[in-house]
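Colleague: Dropping a prediction and its sequence here:
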Amino acid sequence: MDDTIYATTATAWGGRSGRVASTDGRLDVTLSSPAAMGGDDGPGTNPEQMFAGGYAACFHSALRNTALSRKLDVSESAISVTIRLVGSLAERRLALAATIEAELPGLEKDAAWELLEATHQLCPYSVVTRGNMPVELLLVQD
């Protein structure tokens, strides 16, 4: 793909119990492995948390752009993404699964679902994960 709009690079040292930093210095975090994975459950973040945060921000941005083109007000909206590490640690067979939870106050249920599904077709994270991991969409209604 030659039409690069933006590129960034991050480097990891020490795996899940190390550090990750971007070349521009804007990202520089300590990593800790969760106790559920046999780690020390230290104060650092982990790859799943970073992925969940990136996916939530990207999806919400795509949602806002899609809503704008449809003249829908999503100014009070929120997107939460849960990333689950699934499989077997003992068998070293691990995969990811995601749940995207949308809070879209003020939108009728049908319009909210339509917006959510359209966004899922456009969000770059959704596009790259499609067919590679299960993704569940949930709509939180008042």
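Modeller: Nice, thanks for sending it over. Because the structure is a prediction, the values reported are computed rather than measured.
Colleague: switch to C-alpha atoms for all contacts and neighbour counts from now on
Modeller: Noted.
Colleague: What is the three-state secondary structure of residue 41?
Modeller: Classification of residue 41 using DSSP: H, G, I helix; E, B strand; the rest coil returns coil.
Colleague: what's the distance between it and residue 66?
Modeller: 38 Å (C-alpha to C-alpha, to the nearest Å).
Colleague: These two: who's more crowded?
Modeller: Using other C-alpha atoms under 10 Å as the criterion, residue 41 and residue 66 rank with residue 66 on top: 19 against 16.
Colleague: wouldn't the more buried one be in contact with residue 117 here?
Modeller: No: contact between residue 66 and residue 117 fails when scored by C-alpha atoms under 8 Å: they sit 10.5 Å apart.
Colleague: who touches residue 59 in this structure?
Modeller: 79, 119-120, 123-126 (C-alpha atoms under 8 Å, 6 or more residues apart in numbering).
Colleague: Just say helix, strand or coil for it.
Modeller: helix.
Colleague: Could I get the average pLDDT for stretch 108-121?
Modeller: In this model, stretch 108-121 carries a mean pLDDT of 97.
Colleague: Put the alpha carbons of that stretch into CSV.
Modeller: Taking C-alpha atoms only, stretch 108-121 is exported to CSV below (Å, rounded to 0.1, in the frame of the first residue of the first chain):
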residue,chain,number,x,y,z
GLU,A,108,-33.5,5.9,18.5
LYS,A,109,-32.5,2.3,18.7
ASP,A,110,-32.7,1.5,15.0
ALA,A,111,-30.7,4.6,14.0
ALA,A,112,-28.1,3.8,16.7
TRP,A,113,-27.7,0.2,15.4
GLU,A,114,-27.4,1.4,11.8
LEU,A,115,-24.7,4.0,12.8
LEU,A,116,-22.9,1.4,14.9
GLU,A,117,-22.8,-1.2,12.1
ALA,A,118,-21.8,1.4,9.5
THR,A,119,-19.0,2.5,11.7
HIS,A,120,-17.8,-1.1,12.2
GLN,A,121,-17.5,-1.3,8.4
